[in-house]
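Q: Here is my input, please return the structure:
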Amino acid sequence: MNANETIALHQQYVMPTYAPGLTLIRGRGTRVWDANGNEFLDFVGGIAVVNVGHCHPELVAAISDQAARLMHVSNLFYNELQPRLARELSDRSLGGKCFFCNSGAEANEGLIKLARKWGHDRGRYKIVTLRNSFHGRTLATLTATGQDKVRQGFDPLPEGFVHAEFDDLESVHAAVDDQTIAVLVEAVQGEGGVRPASSAFLHGVRELCTERDLLMLCDEVQCGMGRTGTWFGFQQVDVTPDAFSTAKGMGGGFPIGGIAASPEVSDVLQVGSHATTFGGTPLACAAALAVIGIIDREDLLANARTMGQRIRDGLQPLVERYDWVEGVRGVGLLNGLVLNRAAQELQQIAQGMGLLVLATANTVIRLVPPLTVTEAEVDDAVARVSEACEAWDAAPGGPES
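A: Next up, the predicted model:
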């Protein structure tokens with residue numbers, strides 16, 4: 001099937017919730033190829049999913065081997081891989097127990113339910129979230145999301161969510177009342193424009209939650225699993241939440257999500273209070289265990305730190321060169337080139353030069369390559385971004401028009 005046939009079939013049978021561009025058919029490492037044989041340097045990474053690169057041989061082997069042995073049994077039975085994965089996550093984070101699901105939205109739903117259950121007998125149910133945050137597309141998680149655009153057309157929305165200003169501790173304090181049970185934060189707002197929270201803010205939220213007997217919840221769906229250069233984003237500033245969500249990079253492309261909790265709240269959800277048919281299957285857990293092993297053996301946390309700084313250093317000259325480039329920000333391999341106008345056209349120009357990047361929060365070009373990215377690939381991507389900026393700046397109708 002060629003690209004045109006794929007597109008025609010898609011338009012006929014798939015609901016139009018996305019507007020896809022390229023037809024991608026193959027990937028290896030930090031590169032992908034489309035149906036026409038064109039090669040692209042992939043700094044989208046499945047939106048921070050393929051943390052160990054496309055088709056890493058160890059991940060492919062782990063999935064293939066497990067698929068031939070046992071794919072699914074449901075959570076009515078033990079499977080040997082699920083507790084092993086839970087131990088790996090627990091040892092790298094909060095030291096408590098885990099729950100596994102299939103996606104980031106499900107993981108955040110689980111966090112919300114954990115908080116509601118914890119506060120139920122005390123009549124406390126409200127959760128403070130932050131403006132420009134993104135927590136998912138289910139009714140609860142889109143209500144928690146601090147972006148009006150994702151909520152349009154879905155009224156009436158669930159009650160119990162209050163939005164405070166990001167990185168503004170006074171605003172969070174003002175949003176808390178006697179019915180508040182938790183504060184949900186992202187260490188780095190990915191969909192919100194690659195905005196890292198300050199250390200003072202995250203520590204302030206932790207102190208507030210401790211003082212007011214609230215749960216501090218972290219959404220680590222995008223910035224977790226090594227992307228920031230530590231296993232989880234909150235570890236950048238040595239803050240300990242009560243529980244957090246994870247997904248995306250956890251399975252390296254195979255769907256899996258989860259919740260990790262501290263020992264103090266690990267048993268809040270009991271038999272019958274939360275469940276999933278597909279969460280934590282042997283196949284999904286085999287993929288996630290392989291990803292963790294690859295990150296450890298290839299020292300990808302260090303690579304994320306080093307290559308992330310190389311990206312930021314490489315992009316910084318664009319701030320001085322163009323009036324319409326406002327800055328560069330990010331942590332590890334979650335980075336953004338911040339413009340003062342819509343970034344979609346620059347994304348398209350870069351794609352035409354063989355580089356895949358994402359326009360997010362309208363004015364930010366987001367770069368989220370695999371954690372396996374090399375110096376040469378970083379330098380290549382930075383050069384293509386620079387060329388794309390130069391081409392856009394010189395074009396009729398460009399950013400200075």
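Q: any residues touching the lowest-mean-pLDDT helix or strand in the chain, and which ones?
A: Every helix and strand in the chain was compared by mean pLDDT, DSSP states H and E; the lowest is helix 3-13, with a mean of 94. The contact list for helix 3-13 (CB atoms under 8 Å, 6 or more residues apart in numbering) reads 1, 20, 23, 34, 35, 36. Any C-beta I mention is one placed from the backbone N, CA and C, and that applies to glycine too.
Q: Next, the buried residues of it.
A: Buried positions in helix 3-13, judged by neighbour count with 16 or more other CB atoms under 10 Å: none.
Q: My guess is residue 400 contacts residue 389. True?
A: No. Applying CB atoms under 8 Å, one finds residue 400 not in contact with residue 389, separated by 11.5 Å.
Q: Now, the contacts of helix 3-13 that are in helices?
A: Using DSSP state H, no member of these falls within helices.
Q: Give me the next element, helix or strand, following the least confident helix or strand of the chain.
A: strand 24-28 (DSSP states H and E).
Q: what angle do that following strand and helix 3-13 make?
A: Interaxial angle of strand 24-28 relative to helix 3-13 (axes from the mean of the first three to the mean of the last three CA atoms, to 10 degrees): 120 degrees.
Q: in this structure, what spans have low per-residue confidence?
A: 401 (pLDDT under 70).
Q: hang on, the earlier thing: please say which of residue 400 and residue 389 ends up with more neighbours.
A: residue 389 (24 against 12; other CB atoms under 10 Å).
Q: got a list of what the more buried one touches?
A: Counted by CB under 8 Å, 6+ apart, residue 389 has contacts 318, 321, 322, 325, 346.
Q: any idea how far residue 317 is from it?
A: Using CB to CB, to the nearest Å, residue 389 is found at 10 Å from residue 317.
Q: Likewise for residue 261?
A: Distance check for residue 261 against residue 317: by CB to CB, it reads 44 Å.
Q: out of these two, which sits in the busier spot?
A: More crowded of residue 261 and residue 317, by other CB under 10 Å: residue 261, with 27 against 13.
Q: which SS class is the nearest residue in space to residue 343 that is not next to it in sequence?
A: Excluding the flanking residues, the one nearest residue 343 by CB to CB, 6 or more residues apart in numbering is residue 359, at 4.0 Å. Assigned state for residue 359: strand (three-state reduction, DSSP: H, G, I helix; E, B strand; the rest coil).
Q: okay but residue 359 is in contact with residue 347, surely?
A: Yes. Assessed by CB under 8 Å, residue 359 is found in contact with residue 347 at 4.3 Å.
Q: When these two are compared, which one has more neighbours?
A: residue 347 (21 against 18).
Q: Contacts only, for the residue lying closest to residue 191 once chain neighbours are set aside.
A: For residue 191, ignoring the flanking residues on the chain, the nearest one in space by CB to CB, 6+ apart is residue 134 at 3.6 Å. Residues near residue 134 by CB under 8 Å, 6+ apart: 145, 146, 147, 150, 186, 189, 190, 191, 192.
Q: where's residue 134 relative to residue 333, distance?
A: Taking CB to CB, one finds residue 134 at 18 Å from residue 333.
Q: Enumerate every residue touching residue 365.
A: 336, 337, 339, 343, 346, 347, 350, 357, 358, 359, 385.
Q: Give me the subset of those lying in strands.
A: Among the contacts of residue 365, the residues falling in strands (DSSP state E) are 336, 337, 339, 358, 359.
Q: I'd like those laid out as CSV, including distance to residue 172.
A: Shown next, in CSV, are these (distance: CB to CB, whole Å):
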residue, distance to residue 172
336, 23
337, 29
339, 29
358, 28
359, 29
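Q: Got a ChimeraX select line for the buried ones in these?
A: In ChimeraX syntax, the buried subset of the ones in strands among the contacts of residue 365 is picked out as below (16+ other CB under 10 Å):
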select :336,337,339,358,359
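Q: Tally up the residues packed near residue 395, please.
A: 13.
Q: whoops, residue 60 was the one
A: For residue 60, using other CB under 10 Å, the count is 15.
Q: Check which helices and strands whatever helix or strand it lives in is in contact with.
A: Element membership for residue 60 (DSSP H and E) is helix 57-69. When contacts are defined as 3 or more CB pairs under 8 Å, 6 or more residues apart in numbering; DSSP states H and E, helix 57-69 packs onto helix 282-297.
Q: so how far is the lengthiest helix in the chain from its chain's centroid?
A: The longest helix of the chain (DSSP H) is helix 375-394. For helix 375-394, the separation from the chain centroid amounts to 24 Å (computed by CA atoms, centre = their mean, to the nearest Å).
Q: about what we covered before: any residues touching the helix holding residue 60, and which ones?
A: 52, 81, 252-254, 282-283, 286-287, 289-291, 293-294.
Q: Give me the residue at the spatial middle of this structure.
A: The chain has residue 222 as the residue nearest its centroid, 1.3 Å off, counting by CA atoms, centre = their mean.
Q: I'd say that one and residue 190 touch.
A: Yes. Using CB under 8 Å, residue 222 makes contact with residue 190 at a distance of 3.8 Å.
Q: shared neighbours of the two, anything?
A: Residues touching both residue 222 and residue 190 (CB under 8 Å, 6+ apart): 48, 334.
Q: okay, now residue 102: neighbour count?
A: Neighbour tally, residue 102, other CB under 10 Å: 20.
Q: Residue 258 versus that one, what's the distance?
A: In terms of CB to CB, residue 102 sits 9 Å off from residue 258.
Q: now do residue 234
A: Distance from residue 234 to residue 258, by CB to CB: 16 Å.
Q: Also residue 116?
A: Distance of residue 116 to residue 258, given as CB to CB: 19 Å.
Q: The two: who's more crowded?
A: When residue 116 and residue 258 are compared on other CB under 10 Å, the one with more neighbours turns out to be residue 258, at 29 against 18.
Q: Quick one: residues contacting the residue nearest to residue 350 when sequence neighbours are not counted.
A: Among residues not flanking residue 350 along the chain, residue 388 sits closest, at 4.2 Å (CB to CB, 6+ apart). Shown in contact with residue 388 (CB under 8 Å, 6+ apart): 346, 349, 350, 353, 355.
Q: The second one against residue 392, yeah?
A: If I follow you right, that is residue 349. Yes. At 5.4 Å, residue 349 counts as touching residue 392 under the criterion of CB under 8 Å.
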